[in-house]
Structure formats: structure tokens, C-alpha cells
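> predicted model, plus sequence, below.
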Amino acid sequence: MSRELKDKVAVVGVGNTRYGNFPDRDEYGLAAEAFRNALEDSGLRKDQVDGLLVCRIPYYARMGEVLGLNPRWTLTMPPHGRMSAMGIIEAVAAIEAGLCTTVALLYANIGRSRRVNYGGDENPSTWDPFGFTSPGAAHAMMFRRHMELYGTTTRQLAEVSVSIRYHACLNPDAVMRNPITIEDHESARFITAPLRLLDYCLINDGAVCVIVTGRERAKDCRKAPVLISGFGAQETYAPSSISNFDMEFWYPAVKAAGEQARGMAGVEHADIDALMCYDNFSPTVLFSLEGLGFCKQGEAGQFVEDGALSLGGRLPVNTDGGHLSNSYMQGWALNVEAVRQLRGECGTRQVPECEVVQYVQATPCTRSIIYTRG
Amino acid sequence: MAYAKPLPKIDTLNRPFWEAARQGRLVVQHCTGCGDRHFPPGPVCPVCLSDAQDWVEVSGRGTLEGWVDFHRAYWDGFKDALPYRCCLVRLEEGPVLVSNLVGDAEPRFRAKVHAVFDAVTDEVTLPKFAME
Ligand SMILES: [Zn+2]
């Protein structure tokens, strides 16, 4: 990735709604609340925002109308769970190209109250006649392959859910705050075996806003800026007929994106204080650790044992509780958590002396971002 | 009783696959330009972008690359089938298919499998797989 973009753009405001089940609210109302919170967090005036990026919000113009914003740059991302880092990188590029100076990125999800299933007739595919559907089943298939190829066990997989739930218990805003054990994981009901209920992310309503601006402007904001120091990207578009699936666990893509991001930021693995890892399903965390090179391919099961991903462990992962236990904000809340960790705002779940945080999404659109303290 | 599970959405692109399955044959799309064999079908060859594509019969033999057991029904028609098993098969000729694994034998990774044809309605036959 372009090293000229290193440290040029900063996150200056983050905001979110409460997370839960809000049948009486829509995307615009939730996003407006998140925007108001992020704006307040940044100390910027609304009229200083001249870029608008919306994701999983029906109509950008209505969003602008709701917020009273007429930006000079607008981008709509599709409502897929892999757009957060794509959107943030697009905003960096737009700012550095001079298309706008300050972008508000808005994401909202009302899937819980509207009973979205993420499978069946909502997502028609070639394989429906066989009953094969849902992103969870695709991840179950990948995890089966990981078990067979590398000997990974479901008890090792449980470590992911247990560590991330532990973090949620430290986060007063998280949806799921009862502690779980490996035995709880092993006795949870199957959804699509080998995956069980505790391997699946939550489905909840809520919204997130991230405000980014150029490094110079960021100095005038309320809080110390968090710099976007590196990023990397690699798509894997086949087999798109089996959505959310890759025979190789996106290993080549995650490896490439991780190398790009570390190279651009000028950091090594040992510099990374916490990892925010897209955890739509617990196996994704194993695939991400291997692709990023925190361990060798096939060894993530051993890597995560004994609470290695918990606060105080070898590599704290998803300190807010992630998608598994905090909130299903499709990557957006994890980027917010990265910012809050680097600001030292995380209270009992704070990573001590946190200076470098990496975000990664192992998906057909793989992205990684490295954030550092400005 | 009427067949209650989802049926394939047959269109001009995939019709040859489903017509062959009805005759107990497994076919995949084939590029007459570069020879690539692929499934699901596309409007052009994904390797060389040629329009010149036909369908060729394949052996129906492959290896079991993975399997999962559904304990949740995303369609009402599958409720009575729970738990049911889906599989991932790499055909000897290259393409990777999702299907159902039939038979009671415990699945073995990379076991040899072959296609079996299940006529679920008068119009639709599903190619499923069984271990050797
Ligand atoms: Zn070709």
C-alpha cells in the first residue's frame, strides 16, 4: 500500500448508540444518534463535515437530510459485513486526494428487531436445493476443513468465544455479559455442526459513527488524534457462489493485507498491542491469526489456548467483546474499540500502554488497518 | 405430498446442468477456447473471457473436501430432515460442488465419492454424493 498515506489521516471522533432490540427505531434515527455522539467526541462543528459515507443505511440523501448535511463527497457501501475497513480506507483516499477534508462514516443495523436470518430465501444461492445456506454454514465448512487438515479441536475453538466473552463482561455496553467456559461452549446446541451457538455472532440493532480528517486539522480536535498508520487489502472473489467461503481460509489474502499494513506502518508483530478481529464466527479469528502471521498456518488452535487472546494474554483480541458478545456492528465497532484503546478510554478492559492496534477482516474483501497513537 | 424443499432456479445459463441431471449425468460448463471446466456456469469463461462455452460430462467422481450438519432449518421444508448433511466435493475434473452426502457411513476427509442421482420431483433431479 501507498506509504505516502501513512499517518496522513486521523480518527478524531467515534460514537455509537446502545446495542439491543429497538423495533421502534430505524437506521436514520440510530445513525443520527451515533453521529451526534461522534461529533461531540471530536469537538468539530457539524458544518466542518464535508464528506459522508453510509453503510447499511437505505438512502444517503435521506441521511444527509436527517443530519442537515450537504457534503461535497458521498459514498454508499453495500450492506455487507465487510465494508468497515473498506470505507475507512476510501475516506483516507478521498481526503488525501482533496475531495473533502472531514468524513463522517455512518453504519446502522436493525437486523435484530426486523428478524433478519442471514440464510434461506433472504440469500438465494445455487446450493439452496441441497439446504446449504447461511454464512455460518460456510464457516462451519471451513472449520471442518481446518480440523481435518490441522487437527484443530472444538475445545481450542472455544477459547476464542470464551476470551471474547470475558472481554464483553468488562464492557458495560456489551449485549452478552454472562461469563462462559469451554464446557459451556462444548455443550451449547449445534446450529450447523461443527459450529455451535457460541461460535455465532450476535444479531442486534445499533449504529456506529467514525469521523476522520487530515492530520493537521486533527490537532484542533477535542482529543488526541489516532493515526491511520497502515492498511492493506486483497479480494478473493471465487467461489462467490459459496458466499463467505474460501478453500484456503483466505490465508493468502490475509497474509498479503497484513504485510501491506505492517510495511506501510513500519511495525512488526511484537509492536501490536491488541488485535481487533472480525469475528462473525469464531473460526474467523483462527484464520486471521494465521494469515497475519501471529502463528504458522494450522497452528492457531494451539496459539489461542490458555486464554492467549484475553486481556493480559499473549495477544488481546476484541477487547470490547467483538461480534460474538458485544455487538454485531459488522466491523465498525471494532474500529471504534481500536481508537478507544489507543486513547486509553477503556476502563477495566484497557490494554496497558496501548500504542499500536491492528484491525483485520478475513472475508472475500480482506482488509487490515493499523492504528497508532498520534 | 408436495415437495417442500427449495428447488433450483433454472435459467438459460444453468438449464443444461439440470437437464443432464434428470438423465442421470453430471455435466459442467467447458470453454472450447482454453479448455477450462467450471461450475456454476458464467456468461463468459472466467479464465480467457471467451463466449465459446459448451457443457461436457464429467466422471461424477471426486474427493470429500468437507461436510457440515444442519441442526437449524432455514426453510420450513427442511424441518423434518434435521439434522441433515451437506458436503463439499472436488470433482476429478476440477470444479468444486456443494451437495448432500448420502449414506450412514462416518465421513472421512478426502474420501473418494461418486455422484448419485435423486429425482426429487418429475422435473428436478439433484446430484448428490456417496462415499465409495
Ligand atoms: Zn476459457
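Okay, I see it. Numbers count the residues shown, from 1 in each chain, chains lettered A, B, ... in the order given.
> got a list of what A:Gly322 touches?
For A:Gly322, the contact set (Cβ atoms under 8 Å, 6 or more residues apart in numbering or on different chains) comprises A:164, A:167-168, A:201, A:276-277, A:279, A:334. In this view, the C-beta of every residue, glycine as well, is placed from N, C-alpha and C.
> swap the cut-off to 6 Å and go again
A:Gly322 sits next to A:164, A:279 when contact means Cβ atoms under 6 Å, 6 or more residues apart in numbering or on different chains.
> up against the ion, what does chain B have?
B:31, B:33-34, B:36, B:45, B:47-48, B:50 (Cβ under 5 Å from the ion).
> please produce a PyMOL select command covering the buried subset of those.
Of the residues of chain B next to the ion, the buried ones go into a single PyMOL selection, burial set by 16 or more other Cβ atoms under 10 Å in any protein chain shown:
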select buried, chain B and resi 31+36+45
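> could you dump the residues of chain B next to the ion to CSV with distance to B:Pro107, pLDDT and secondary structure?
Listed next are the residues of chain B next to the ion as CSV, based on distance: Cβ to Cβ, whole Å; pLDDT from 0 to 100; DSSP: H, G, I helix; E, B strand; the rest coil:
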residue, distance to B:Pro107, pLDDT, secondary structure
B:Cys31, 32, 98, strand
B:Gly33, 37, 96, coil
B:Cys34, 34, 98, coil
B:Asp36, 29, 97, coil
B:Cys45, 33, 97, coil
B:Val47, 32, 97, coil
B:Cys48, 36, 98, coil
B:Ser50, 37, 97, coil
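> name the nearest of the residues of chain B next to the ion relative to chain A.
Minimum distance to chain A across these is 11.0 Å, recorded for B:Val47 (Cβ to the nearest Cβ).
> identify the residue spatially nearest to that closest one, adjacent ones excluded.
B:Asp36 (4.4 Å; Cβ to Cβ, 6 or more residues apart in numbering or on different chains).
> and the gap between the one you found and B:Trp18?
B:Asp36 sits 21 Å away from B:Trp18, taking Cβ to Cβ, to the nearest Å as the criterion.
> from the ion, how far off is the residue nearest to the spatial centre of chain A?
Centrality entry for chain A: nearest residue to the mean C-alpha point is A:Gly331, 2.0 Å, by Cα atoms, centre = their mean. Per Cβ to the ion, to the nearest Å, A:Gly331 is found 36 Å from the ion.
> not counting sequence-adjacent ones, nearest residue to that residue?
By the measure of Cβ to Cβ, 6+ apart, the closest residue to A:Gly331 outside its immediate chain neighbours is A:Ser84, 3.4 Å from it.
> residue contacts, that neighbour?
Shown in contact with A:Ser84 (Cβ under 6 Å, 6+ apart): A:331-332, A:335.
> the residue in the stretch 51-200 of chain A positioned nearest to the ion: what secondary structure?
When scored by Cβ to the ion, the stretch 51-200 of chain A has A:Thr126 as its residue closest to the ion, at 20.4 Å. Secondary structure assignment for A:Thr126 (DSSP: H, G, I helix; E, B strand; the rest coil): coil.
> in CSV, list the contacts of A:Ser84 along with pLDDT and secondary structure.
Converted to CSV, these look like this (pLDDT from 0 to 100; DSSP: H, G, I helix; E, B strand; the rest coil):
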residue, pLDDT, secondary structure
A:Gly331, 98, coil
A:Trp332, 98, helix
A:Asn335, 98, helix
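> would you verify that A:Val14 is located in a helix?
No - A:Val14 sits outside any helix when classified using three-state DSSP, being strand.
> I'd guessed it sits against A:Val336; true?
Yes - when contacts are counted by Cβ atoms under 6 Å, A:Val14 is listed as touching A:Val336 (4.4 Å).
> element containing A:Thr74?
strand A:73-77 (DSSP states H and E).
> ok, now how distant is the closest residue to B:Met131 other than its chain neighbours from chain A?
Nearest residue to B:Met131 in three dimensions, chain neighbours excluded: B:Ala111, at 4.9 Å (Cβ to Cβ, 6+ apart). Taken as Cβ to the nearest Cβ, to the nearest Å, the spacing of B:Ala111 relative to chain A amounts to 11 Å.
> surely B:Ala111 is in contact with B:Glu65?
No - taking Cβ under 6 Å as the definition, B:Ala111 is not a contact partner of B:Glu65, at 10.0 Å.
> please enumerate the strands of chain B.
In chain B, strands defined by DSSP state E lie at B:27-31, B:37-38, B:53-57, B:61-70, B:84-91, B:96-102, B:112-119, B:125-131, listed in chain order.
> in CSV, list those strands along with distance to A:Tyr359.
CSV is the format used below for the strands of chain B (distance: least, Cβ to Cβ, whole Å):
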stretch, distance to A:Tyr359
strand B:27-31, 39
strand B:37-38, 34
strand B:53-57, 41
strand B:61-70, 28
strand B:84-91, 30
strand B:96-102, 30
strand B:112-119, 40
strand B:125-131, 39
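> what does chain B have sitting close to chain A?
Within chain B, the positions lying close to chain A (Cβ under 6 Å from any Cβ of the partner chain) are B:6-8, B:40, B:66, B:68-72, B:74-75, B:78, B:84, B:86, B:88, B:98-100, B:109, B:126.
> buried subset of those residues, written for PyMOL?
Here is the PyMOL selection string for the buried members of those, based on 16+ other Cβ under 10 Å:
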select buried, chain B and resi 6+7+8+40+66+68+69+70+71+72+74+75+78+84+86+88+98+99+100+126
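> next, the residue nearest to B:Val47: phi, psi?
Geometry field for B:Asp36 lists phi and psi as phi -60, psi 140, criterion degrees, to the nearest 10.
> correct me, but it touches B:Pro46?
No - between B:Asp36 and B:Pro46 there is no contact, the gap being 7.1 Å when judged by Cβ under 6 Å.
> which residues of the chain score low on pLDDT?
Unless you meant another one, I'm taking chain A. Under the criterion of pLDDT under 70, the regions of chain A flagged as low confidence span A:1.
> right idea, wrong chain: chain B
Per-residue confidence of chain B (counting by pLDDT under 70) places the weak regions at B:1.
> how about the residue in chain A that sits furthest from its center?
Centroid-distance maximum for chain A: A:Pro129 at 32.1 Å, with Cα atoms, centre = their mean.
> part of a helix, is that residue?
Yes - with three-state DSSP as the criterion, A:Pro129 is assigned to a helix.
> where do the strands of the stretch 151-300 of chain A begin and end?
Taking DSSP state E, counting those that start in this stretch, the strands of the stretch 151-300 of chain A run over residues A:190-193, A:195-196, A:206-214, A:226-235, A:274-277.
> which one of these is the most hemmed in?
With neighbours defined by mean count of other Cβ atoms under 10 Å in any protein chain shown, none of the strands of the stretch 151-300 of chain A is more surrounded on average than strand A:206-214, at a mean of 28.
> return that strand as PDB; C-alpha atoms alone will do.
The C-alpha coordinates for strand A:206-214 follow below in PDB (Å, rounded to 0.1, in the frame of the first residue of the first chain):
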ATOM      1  CA  GLY A 206     -27.400  -0.300  16.800                       C
ATOM      2  CA  ALA A 207     -25.300   2.300  14.900                       C
ATOM      3  CA  VAL A 208     -21.700   3.500  14.800                       C
ATOM      4  CA  CYS A 209     -20.100   6.700  13.600                       C
ATOM      5  CA  VAL A 210     -16.400   7.300  12.900                       C
ATOM      6  CA  ILE A 211     -15.100  10.800  11.900                       C
ATOM      7  CA  VAL A 212     -11.800  11.100  10.100                       C
ATOM      8  CA  THR A 213      -9.900  14.100   9.000                       C
ATOM      9  CA  GLY A 214      -6.400  15.100   7.900                       C
END
